[in-house]
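J.: The amino acid sequence is not available; the structure is as follows:
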């Protein structure tokens, strides 16, 4: 079965990948860095986290989904000291019950970003 892919206006791919693919109603969203329209990175961890979600939610919308359809989120941080600020922004993106989540520290992210976020969603 071929993958059905989705691309979102305003979300910039910096490599050879789709913004999201649908496989039997499970939508895998590629990680989004905090790239703003025009190509610049948002500044500061709170703004970077918010921009990641703007990009991801644009992809969700392109796939005909909403944040409540998100089942799993993976967050990558270059410094765990940024966890509280990222978490404060994250908490406002979803309603309870929140999606499952993993947050890990990584050595570096593309374009020098401090955060990257990916998601998995499910069609109802």
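T.: All right, it came through fine. Treat the numbers as computed from the prediction; the structure is a model and nothing was measured. Numbers count the residues shown, from 1 in each chain.
J.: secondary structure class for residue 65?
T.: Under DSSP: H, G, I helix; E, B strand; the rest coil, residue 65 falls in the coil class.
J.: can I assume it is in contact with residue 28?
T.: No - if you go by CB atoms under 8 Å, residue 65 and residue 28 don't touch, sitting 12.0 Å apart. (Each C-beta comes from the backbone N, C-alpha and C, glycine too.)
J.: of these two, who's got more company?
T.: residue 65 (22 against 15; other CB atoms under 10 Å).
J.: residue contacts, the more buried one?
T.: 27, 121, 123 (CB atoms under 8 Å, 6 or more residues apart in numbering).
J.: same question, residue 19
T.: 5, 6, 7, 8, 11, 13, 29, 30, 59, 62.
J.: what's around residue 54, how many residues?
T.: Residue 54: 17 neighbours (other CB under 10 Å).
J.: buried stuff in whichever helix or strand residue 88 is part of?
T.: When elements are defined using DSSP states H and E, residue 88 is found to belong to helix 83-91. Neighbour counts using 16 or more other CB atoms under 10 Å place 85, 86, 89, 90 of helix 83-91 among the buried residues.
J.: Show me the helices in this structure, by range?
T.: Here the chain has its helices, by DSSP state H, at 45-62, 83-91.
J.: sorry, back to before: check which helices and strands the helix holding residue 88 sits against.
T.: Applying 3 or more CB pairs under 8 Å, 6 or more residues apart in numbering; DSSP states H and E, one finds that helix 83-91 makes contact with helix 45-62, strand 70-77, strand 100-105.
J.: any residues touching it, and which ones?
T.: Contacts for helix 83-91 (CB under 8 Å, 6+ apart): 45, 46, 49, 50, 53, 73, 75, 77, 98, 101, 103, 115.
J.: If anything else comes up later, I'll come back, but that's it for now.
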